[in-house]
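In: Show me the folded form of this:
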Amino acid sequence: MNEETKMKWLKAFLRVYGILTLLIFGTLLGGYIIQTPTMNPGEHSTGLSGTMLLVMWDLCCS
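Out: Here you go, the predicted model:
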């Protein structure tokens, strides 16, 4: 592979990676801001927490 081909692959990879990163973190941030029920910390002892809580860092100590 020559340098031009490598650069083309790198540009494509970084573009796809950037778009996916924005989609994932944008969705998580939006859900956190509007406080959707799937992001609700709930009660950890009873297991009634939101389904998407596992993808966020739960920094709250209760």
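In: in the chain, which spans are helices?
Out: 3-33 (DSSP state H).
In: in it, which segments are predicted with low confidence?
Out: For the chain, the stretches flagged by pLDDT under 70 are 37-62.
In: From Leu29, how far off is Gln35?
Out: 12 Å (CB to CB, to the nearest Å). Placement of C-beta: from N, CA and C, glycine included.
In: Now for Leu28, how many residues are close by?
Out: Other residues lying near Leu28 total 14 when counted by other CB atoms under 10 Å.
In: quick one: it from Ile34, how far?
Out: Plainly put, Leu28 is 11 Å away from Ile34 if you go by CB to CB.
In: Ok, Thr27 next?
Out: Thr27 sits 11 Å away from Ile34, going by CB to CB.
In: Leu10 too?
Out: 36 Å.
In: Next: Lys11.
Out: 34 Å.
In: repeat for Asn2
Out: Applying CB to CB, the value for Asn2 to Ile34 is 48 Å.
In: just Phe13 next, same as before
Out: 32 Å.
In: Please apply the same query to Leu14.
Out: Leu14 sits 30 Å away from Ile34, going by CB to CB.
In: do the same with Thr21
Out: 21 Å.
In: how much space is there between Arg15 and Ile33?
Out: Distance, Arg15 to Ile33, using CB to CB: 26 Å.
In: how far away is Ile24 from Glu3?
Out: 31 Å.
In: More neighbours: the two, which one.
Out: When Ile24 is set against Glu3 and neighbours are counted by other CB under 10 Å, the residue ahead is Ile24, at 11 against 7.
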